[in-house]
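1. just coords:
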């Protein structure tokens, strides 16, 4: 009789375990798959991939690198050739329509090339960063450097914009988008301003650690 009770208890325990694992399986099947991290590369021709094949542009090469490193991401190309920071302010609303979780903000090169007052550039970037904070979205602020031909006063004022805003908004700063590429003929197109495919790959290699820190999780 005792043996029979033991057998019944064992069978009951086994059934409970089966029901438990069946319930867990159903929950997993019913749960939606985790969505890929949405990244927006928001910038000018340097982001857009001026002069390059579509798959050679910075957002596409960055996405390929992040996926190779084990991250589930999408990287939208929000670059428009010729855009100034004022243009960025004007189109930010529709650029954010897909609600990216991370924004790589690369603007200011055309302001600098046109000699726009650094105070205006700073004001426009402030407006963009304020809107991104409210979105909310994580931001990597990507800096630009002024050439010496505008004179030391302009150079110092322009170069101070990015570290100052990074501190003010408490966002990470990648100081110079063209780091390791600028002024190297082998890494730039004929205009000397836009990186070629090899130059883009170097940019991606250098910036990807900062982007991965923003994603905030290790490779799977």
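-> On my side now, so go ahead. Quick caveat: nothing in here was measured; it's all calculated off a predicted structure. Numbering: from 1, shown residues only.
2. hey, let's count contacts and neighbours off CA atoms from now on
-> Will do.
3. So residue 104: helix, strand or coil?
-> Three-state call for residue 104 (DSSP: H, G, I helix; E, B strand; the rest coil): strand.
4. separation between residue 103 and residue 216?
-> For residue 103, the distance to residue 216 equals 14 Å [Cα to Cα, to the nearest Å].
5. Looking at those two now, which is surrounded by more residues?
-> residue 103 (26 against 8; other Cα atoms under 10 Å).
6. give the contact list for that one.
-> Counting by Cα atoms under 8 Å, 6 or more residues apart in numbering, residue 103 touches 39-42, 137-140.
7. what pairs with it across the strands?
-> On the basis of DSSP bridges, residue 103 is bridged to residue 40, residue 139.
8. quick one: it from residue 97, how far?
-> 12 Å.
9. Need phi/psi at residue 208.
-> phi -60, psi -40 (degrees, to the nearest 10).
10. For the residue most central in space within the chain, which residues are in contact?
-> Centroid-nearest residue in the chain, with Cα atoms, centre = their mean: residue 104, separated by 3.9 Å. Residues in contact with residue 104 (Cα under 8 Å, 6+ apart) are 39-42, 139-142.
11. Also residue 138?
-> By Cα under 8 Å, 6+ apart, the contact set of residue 138 is 101-103, 132, 171, 214.
12. one step back: for ChimeraX, what selects the buried ones among the contacts of residue 104?
-> Buried residues among the contacts of residue 104 (16 or more other Cα atoms under 10 Å), as a ChimeraX selection:
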select :39,40,41,42,139,140,141,142
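13. what's the closest of the contacts of residue 104 to residue 115?
-> The closest of those to residue 115 turns out to be residue 142 (Cα to Cα; 19.1 Å).
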